Each structure stands twice: as C-alpha cells, then as structure tokens.
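> This is the structure alone, sequence omitted:
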Ligand SMILES: [Fe+2]
Ligand SMILES: [Fe+2]
C-alpha cells in the first residue's frame, strides 16, 4: 500500500518503497536544478526558442515569441497525452470512433459507464475528438510559425488493454491499468479555502493501483450484464473500473482547467493568448461535465460498489454517516455536508488573492507552483499515468515543462 502525501499544491504524490519513484525523484531534482539555472539567466534567456530545443529544421524566420513557443509546446505535450489516454477510453467505452463510425467497444464496460450516465459513451467520444483536435491544431500552428512541434510518437511503447474493444497491438504513451487517482479536487472545489493561499486537501477516496479500463477478458467478461446494484463479483469489478474512470476523467480535466489560465498569464502575443483561452475554456467544460458524472459513483442508486479484486469501495457521500474526513481542515470540517454533497458540481466561492477579499467562484489553483507545467507533469507521474515509461520520455516532459514554467510575462504585443 502506498502512502500519500499532500503538498501545498493540493496535488498528491504517492510515496513508494520501490525504485521507480526514487528514479523519478532523481530526474526531478536534476530538472529542478536546470530550471533554477534557466530562471537565473533571466526571463528572455530562459525562454529558449523552442526551435533550438526541439531541433527545428525550418529556415523560416519564426514570428513566434520564444516564450510563447515554449507555452504552446507544453500545451501540445499535454494535449498529446490527453489524446492518447482518451483514445484508449474511447476504444473501450466510446459511442463512435474518430471517423464517427459506430464503436461497439467493450459491452460490459459501456454498460457500467452508462450506469453513471446514459450519455457517457457519447461524452467520451466527444472529449476524445476535442483532445485530438487540440493536439492537431497546436501542431499545425507551431509548424506554420516555423517551429518544430513536440512529437511523442516514438515514446508510444506501452501495451494497453487486451480486452474486447481495445486495439490489442496499439502502443500507448499513457498507462490506464494501475492508476492512483487523486480525488482531492473534489474537496478543493467545495472548500472556501484555496491552495494558492496555502490550503491542502485530503483524498475523497483512496484510489490506488486501480484499473480505469478493463484489462483483458479473463479479468472481466465483456458480455456480462452490469445491473444496479451489480450484485455479483464480476459486475462489481467492472463497475468499480468504470467508476474509477469517472473520477479519472474529472482529475485529468481539472488539471487542464488550472493549467491553461496559468499559461495564459505568461503569453506575450494576443493571438497565443487567444489560442490558450479558447482551448482552456473547453478543458473547464470537460471538467464540469466529468465532475457531474463521476460524482454519480458515490450517490444513490449506484453508491456502494466494491471491487472484489482491490477492495476499493465507493460509498454514498450524500449519507451523513459518510460525511466526515478527519484530514480536512477545521474550517472544511465545519462546512459539513457541503464538502461531500455529490450534486455540488459548480465551484463554491473560495478565497482568492487575499483572505480579506470576499470569497469568489473561480478556477483554482492558478499559481505556477500549484498547477503549472511541472506541477501537472508531477501530478501525472503520481497518477501512475506513465507507469512503464522510459527515462527519456520523462526527461522530455520535464524539459518541456521547465521551459514553460520559466517563461516570464512580457508586454503584450
Ligand atoms: Fe485538451
Ligand atoms: Fe482535456
């Protein structure tokens, strides 16, 4: 069992006795040193031309400000990761494929997702299309400016699901088979306290080493019925996997909801600001949708599912008996049921800028250190999203993130 610590960011990072996290820590420390170096040489120098970093071969004189190029390379990197993970969800649980052809998927997984909401397969397909379009647009935009866009295809090496519905031979960038899903965002968006003013939040549910997609047809029967309540072990396992996906969808998209405003604050050109605002707004739209659907896993009539393999249980958080968490701050404990209520899916007003100003309904966090590029990559690592990935892949992510975080805002052009 992994222990989890919550840092000031509100993002959690599992502590593990195995060597994997030590290796990540060592990479992390190396990149932090590099980041400090970049910051030390000043704003203009820190934002190295992305073309220099990624080996642009174009002779076109780039019209893109170097800092803006670094911001868009980071956005593109995140979108490529999102497109990869959403494509896996779509193969198994989506309504249509990328060409809008009907997608049979994994019938039992689809049924379990539909227990969260009947429209889940369509929403999954739409979210997948959105991410693919974000990545394609950013790739084309950077190319149009003479900058070689980040390309992660050589790192797509992971074997994904072998269950009915998934492409068994496809190689993936991301791993959805053993996730540690951070669920602290659930409290963060119900609290009057803000991580940017020092608040931290515990997990709503401890979801560790849990698949969010069916692994194979031996583990889960693709044709089993999944009634409410699931009743038998097989359907319970499949429903717990679908519920985990529901929380993972919201986790991924709340990360984008914070990241894009942070990138916007650093943009120099109005056009790049327009790109970041326009894509970022859709990430927030995604988050709001998944917040609603994921919460159905911990509301009646679906609440109470327990995974017979991992023991993960999804309680009814509208039941006052379950509305207590001793790790919440005193103020959040005093808020009582509001911290758990499952239909409270729009952000509650919270502290912003100063505790002396009135609470306001906002996206949070929006500080670099709490939700910026490096914080996002670090959180994805803690999520086990890159389990099995190479050091070279992680190094590249750290490098792109360090470049984006090092950008300092300049006078807008
Ligand atoms: Fe996106
Ligand atoms: Fe997204």
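That came in fine, so what should we check first? This is a predicted model, so every value here is computed, not measured. Ligands and ions are numbered 1, 2, ... in the order given.

> going forward, measure contacts between C-alpha atoms and count neighbours the same way
OK.

> What are the contacting residues of stretch 171-179?
In this structure, residues lying in contact with stretch 171-179 by Cα atoms under 8 Å, 6 or more residues apart in numbering are 81, 84-85, 152-153, 155-161, 207-215, 383-389.

> Against residue 368, how distant is the residue of the stretch 151-300 of the chain found nearest ligand 1?
For the stretch 151-300 of the chain, the residue positioned closest to ligand 1 under Cα to the ion is residue 283, at a distance of 5.8 Å. Residue 283 sits 18 Å away from residue 368 when distances are taken as Cα to Cα, to the nearest Å.

> In contact with the nearest residue to residue 265 once chain neighbours are set aside, which residues?
Counting by Cα to Cα, 6 or more residues apart in numbering, the nearest residue to residue 265 once its immediate chain neighbours are dropped is residue 409, at 6.8 Å. Counting by Cα under 8 Å, 6+ apart, residue 409 makes contact with 265, 266, 267, 268.

> which residue ranges form the strands in the stretch 101-250 of the chain?
Along the stretch 101-250 of the chain, the stretches classed as strands by DSSP state E, counting those that start in this stretch are 158-159, 171-172, 179-181, 207-210.

> Spatially central residue for the protein, please.
residue 252 (1.9 Å; Cα atoms, centre = their mean).

> could you say which helix or strand contains that one?
Counting by DSSP states H and E, the element that carries residue 252 is helix 233-264.

> Quick check: buried residues in the helix or strand containing residue 271?
Using DSSP H and E, residue 271 falls within helix 270-295. When neighbours are counted by 16 or more other Cα atoms under 10 Å, the buried residues of helix 270-295 are found to be 272-273, 275-277, 279-280, 282-284, 286-295.

> Quick check, residue 362 in contact with residue 346.
No. Between residue 362 and residue 346 no contact is recorded; they are 9.6 Å apart, counting by Cα atoms under 8 Å.

> quick one: residue 121 and residue 93 touch, right?
Yes. Under the criterion of Cα under 8 Å, residue 121 lies in contact with residue 93, with a separation of 5.6 Å.

> From the chain's centre, how far out is stretch 384-392? Work that out for me.
For stretch 384-392, the distance between its averaged C-alpha position and the chain's averaged C-alpha position is 15 Å (Cα atoms, centre = their mean, to the nearest Å).

> which non-adjacent residue is nearest the closest residue to ligand 1 within the chain?
Residue of the chain nearest ligand 1, by Cα to the ion: residue 131 (4.3 Å). Closest residue to residue 131 apart from its sequence neighbours, by Cα to Cα, 6+ apart: residue 83 at 4.9 Å.

> okay, that neighbour: pLDDT?
For residue 83, the pLDDT comes out at 98.

> Surely it is in a strand?
No. According to DSSP: H, G, I helix; E, B strand; the rest coil, the state of residue 83 is helix, so it is not within a strand.

> Would you mind naming what in the stretch 1-150 of the chain lies close to ligand 1?
Within the stretch 1-150 of the chain, the residues that sit near ligand 1 (Cα under 5 Å from the ion) are 79, 131.

> Would you state the helices of this protein in chain order?
Along the chain, the stretches classed as helices by DSSP state H are 19-40, 43-46, 50-54, 66-93, 107-116, 120-144, 185-188, 233-264, 270-295, 330-335, 368-371, 373-382, 391-406.

> Figure out which of those is closest to residue 350.
Among these, helix 185-188 comes nearest to residue 350, with 9.2 Å by Cα to Cα.

> Show residues contacting the closest one.
By Cα under 8 Å, 6+ apart, the residues outside helix 185-188 that reach it are 10, 194-195, 200-204, 251, 254, 339-340, 364.

> I'd like those residues written out as TSV, with neighbour count and pLDDT added.
Formatted as TSV, the entries for those read as follows, by neighbours: other Cα atoms under 10 Å; pLDDT from 0 to 100:
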residue	neighbour count	pLDDT
10	27	31
194	27	98
195	23	98
200	23	97
201	26	98
202	24	98
203	23	98
204	19	98
251	24	98
254	26	98
339	26	98
340	24	98
364	26	98
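
> from the residues you listed, which is closest to residue 400?
Within the contacts of helix 185-188, distances to residue 400 taken as Cα to Cα reach their minimum at residue 254, with 20.4 Å.

> could you measure that closest one against residue 296, distance?
Noted for residue 254: a distance of 17 Å to residue 296, by Cα to Cα.

> rewinding a little: would you check that the residue nearest to residue 131 makes contact with residue 126?
No. Residue 83 sits out of contact with residue 126 when judged by Cα under 8 Å, with a separation of 11.4 Å.

> more neighbours, those two?
Neighbour comparison, residue 83 and residue 126: the larger count goes to residue 83, with 24 against 20 (by other Cα atoms under 10 Å).

> still on that earlier bit, out of the helices of the chain, flag the one nearest residue 318.
Going by Cα to Cα, the one of those nearest residue 318 is helix 270-295, 10.2 Å.

> Who are the packing partners of that closest one?
On a contact count with 3 or more Cα pairs under 8 Å, 6 or more residues apart in numbering; DSSP states H and E, helix 270-295 meets helix 233-264.

> how about 10 Å then?
For helix 270-295, the elements it packs on are helix 66-93, helix 107-116, helix 120-144, helix 185-188, helix 233-264, judged by 3 or more Cα pairs under 10 Å, 6 or more residues apart in numbering; DSSP states H and E.

> Could I get those helices in a markdown table, plus columns for distance to residue 222?
Written out in a markdown table, the entries for those read as follows (distance: least, Cα to Cα, whole Å):
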| stretch | distance to residue 222 |
| --- | --- |
| helix 66-93 | 10 |
| helix 107-116 | 5 |
| helix 120-144 | 16 |
| helix 185-188 | 31 |
| helix 233-264 | 9 |
